[in-house]
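Student: Return atomic coordinates for the entry below.
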Amino acid sequence: MTESTLLPELIALTSRRAPEAIALTSGASNLSYADLSASVNQFASGLLGLGLARGERVAIYLEKRFETVIASFGAPAAGAVFVPVNPLLKPEQVAFILRDCNVRVLVTSPERLALMKDVLAECHDLRHVVVTDSVANSVPTNVTASGRFGLTFWRDLLDGPLQSGHRVIDTDMAAILYTSGSTGKPKGVVLSHRNMVAGAKSVASYLENNPQDTLLAALPLSFDAGFSQLTTAFHAGARVVLLNYLMPRDVLKAMALEGVSGLTAVPPLYIQLAQLDWPEAINEKLRYFANTGGRMPRETLTSLRQRVPKAKPFLMYGLTEAFRSTYLPPAEVDRRPDSIGKAIPNAEILVLREDGSACGPEEPGELVHRGALVGMGYWNDAEKTAERYKLLASDAPGRQSGLQLPEYAVFSGDTVRMDAEGFFYFIGRRDEMMKTSGYRVSPTEVEEILYATQLVGECVAFGVDHPTLGHAIQVIATYAIGAVARGLNDLINECRARMPTYMVPAGIEIVAGPLPRNPNGKIDRKLLSTEWIERNRERLNAAESSTLPEIQG
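Tutor: Presented below is the predicted three-dimensional model:
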């Protein structure tokens, strides 16, 4: 076997080629590929010893550490499904996930188990808890008092005899990744072994990952782009540095100390990093930096390129439902910095009208992803699955009339356009688009211009219902470092100079930063807009005329 088809094989194959190579670094500790592979097999055997059946779910509620990675690959090695739970989630949110996908085994730490003690009784399918600490008195005495589930320590689980896992194939489930749930309860996106392995191979190919690379795992491993740092690195035989950081400066320190050659992050983190001084050592080692999870402001991109001129920028677009979709090659960044690029290898990206027909060049339509990375739907949610995963028309691009079996694709809900050369441009999410004075405006259009003024550090734009405009555009922002002295009036004047009249925000509220994030590290637009509306509900209810909300400082 020379090619990975199942997720754990990404580690196993590299272990055979380079057993002594370092796979993981956490703090001062390293784990070789040989040791990581052995631990994955031991963990899988331990799960089988607990009686875990094929396809049952194993939730992992831990910060980034060796055990998190071992369990994430060990559960699929047993023939089970791993469910990474963001460590920032509260006990009630974790319990929802455990109930929603019928988790049988929970892997966690004593500290997190103590937080969960009051909600575990609600998780009726839970049968075993694996605790990473091996000290018996570190576990709260009342956690297992119900007798409904057993408790096993990590070291004991890995001490059992080796067993072969349940037989699985590449189209079987490997993982369920839960979205952040900013618009309601989180949804569990089901990914197969094929989805995750194909994604690893595709991304590693265009990033040119190799055994000499060191990738920084700064994003949560419960986030598809965060977990992709593991899969792409393991496919290439590279090293991953696990980082649980508190401040953006910690990211820069880790990059300099560990000689990081590849960094993938989301715009809010890059915006913060771009305002800091970077150690020169980073520029000597960093080969590329990649953006995902939203458009990177052009000013931020320019600032980053000035700090690390040797590093290549990769601008990427993806959605959890299809793992990864497009990327812009570094050679195209200066020519088309606003583009999200073209389809990644082994994927096809379409722009379709509402009737399913293909849009012409520059015509806005819905981004649709077809191919091996299309996920398996939302766990136990037929309605939401039907909204996002739809059958392609029989005459859709790439389909031939003689094909009899239907093909599902991911309909992203994002509006994009494609230019005559085949490059895609993000316009906005359908559920976030604002319509003001008869014009459709994307929040990212407004935000991009605000960042270009260099007067804001972070910002979000959103629409507020208005009796005559349709939507009044509201902005919440922080000041950029060093820009406070210029004041709010300068920001308003810059908006008027740079934007058409209908796009100028009706209200700008300046707050202390940083702006709140969702668990994946993205600025939480939904939370900010909801809280703003609640704070201003009285005034909004009274606004029965076309009077605009006042600009606020």
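Student: Could you identify the longest helix within this structure?
Tutor: What stands out as the longest helix in the chain, according to DSSP state H, is helix 33-49.
Student: Are there helices or strands packed against that one, and which ones?
Tutor: Judged by 3 or more Cβ pairs under 8 Å, 6 or more residues apart in numbering; DSSP states H and E, helix 33-49 is in contact with helix 9-17, strand 22-26, helix 66-77, helix 154-157. From N, CA and C alone the C-beta is placed, and that goes for glycine too.
Student: Mind giving me the packing neighbours of the longest one?
Tutor: Looking back up the chat, that one is helix 66-77. Here helix 66-77 touches strand 22-26, helix 33-49, strand 57-61, strand 81-84, strand 103-108, strand 173-178, helix 224-236, strand 239-242, going by 3+ Cβ pairs under 8 Å, 6+ apart.
Student: In the protein, which residue is most central in space?
Tutor: By Cα atoms, centre = their mean, the chain has its centre lying nearest to residue 223, at 3.7 Å.
Student: Tell me if I'm right that that residue and residue 518 touch.
Tutor: No: under the criterion of Cβ atoms under 8 Å, residue 223 is not in contact with residue 518, lying 9.8 Å apart.
Student: Got the confidence number for residue 11?
Tutor: As predicted, residue 11 sits at a pLDDT of 98.
Student: ok, now how distant is it from residue 76?
Tutor: Applying Cβ to Cβ, to the nearest Å, the value for residue 11 to residue 76 is 11 Å.
Student: The two: which is more packed in?
Tutor: A direct count of neighbours by other Cβ atoms under 10 Å for residue 11 and residue 76 places residue 11 higher, at 29 against 25.
Student: Put the alpha carbons of stretch 443-459 into CSV.
Tutor: Output in CSV follows, covering the C-alpha atoms of stretch 443-459 (Å, rounded to 0.1, in the frame of the first residue of the first chain):
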residue,chain,number,x,y,z
PRO,A,443,-21.1,43.5,4.5
THR,A,444,-17.7,42.5,3.4
GLU,A,445,-17.7,45.3,0.8
VAL,A,446,-18.3,47.8,3.5
GLU,A,447,-15.7,46.2,5.8
GLU,A,448,-13.1,46.2,3.1
ILE,A,449,-13.4,49.9,2.6
LEU,A,450,-13.3,50.6,6.3
TYR,A,451,-10.1,48.6,6.6
ALA,A,452,-8.6,50.5,3.7
THR,A,453,-8.9,53.7,5.7
GLN,A,454,-6.4,52.2,8.2
LEU,A,455,-8.4,53.9,10.9
VAL,A,456,-10.1,50.7,12.2
GLY,A,457,-8.5,47.7,13.9
GLU,A,458,-11.5,45.4,13.5
CYS,A,459,-15.0,45.9,12.2
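Student: Can you point out the buried residues in that stretch?
Tutor: Neighbour counts over stretch 443-459 (16 or more other Cβ atoms under 10 Å) mark 443-451, 453, 455-459 as buried.
Student: what's the answer for stretch 259-267, then?
Tutor: 260-267.
Student: Strands - which of those land there?
Tutor: 262-265 (DSSP state E).
Student: Could you report the pLDDT at residue 483?
Tutor: The score at residue 483 is 65. That number is its pLDDT.
Student: swap in residue 184?
Tutor: Listed pLDDT for residue 184 reads 56.
Student: Helix or strand for residue 249, just tell me which one.
Tutor: In this assignment (DSSP states H and E), residue 249 forms part of helix 248-258.
Student: what's the offset of that helix from the middle of its chain?
Tutor: 21 Å (Cα atoms, centre = their mean, to the nearest Å).
Student: For the host helix or strand of residue 290, output the C-alpha coordinates as CSV.
Tutor: Assigned by DSSP H and E, residue 290 belongs to strand 288-291. C-alpha atoms of strand 288-291 as CSV (Å, rounded to 0.1, in the frame of the first residue of the first chain):
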residue,chain,number,x,y,z
TYR,A,288,3.8,30.6,3.2
PHE,A,289,0.9,32.0,5.1
ALA,A,290,-2.6,31.0,4.1
ASN,A,291,-5.9,32.7,4.8
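Student: Could you report the neighbour count for the residue lying closest to residue 303 once chain neighbours are set aside?
Tutor: Of all residues not flanking residue 303 in the chain, residue 274 sits nearest, at 4.0 Å (Cβ to Cβ, 6 or more residues apart in numbering). A count of neighbours around residue 274, defined by other Cβ under 10 Å, yields 23.
Student: isn't residue 274 right next to residue 300, touching?
Tutor: Yes: using Cβ under 8 Å, residue 274 is in contact with residue 300, at 4.8 Å.
Student: what's the pLDDT at the residue nearest to residue 377 when sequence neighbours are not counted?
Tutor: Counting by Cβ to Cβ, 6+ apart, the nearest residue to residue 377 once its immediate chain neighbours are dropped is residue 385, at 3.9 Å. Looking at residue 385, its pLDDT stands at 96.
Student: so residue 385, which of the three states?
Tutor: helix (DSSP: H, G, I helix; E, B strand; the rest coil).
Student: Could you count how many residues lie near it?
Tutor: When neighbours are counted by other Cβ under 10 Å, residue 385 registers 20.
Student: separation between it and residue 371?
Tutor: According to Cβ to Cβ, residue 385 stands 18 Å off from residue 371.
Student: re earlier: residues touching the residue nearest to residue 303, list them.
Tutor: Shown in contact with residue 274 (Cβ atoms under 8 Å, 6 or more residues apart in numbering): 299-300, 303-304, 307.
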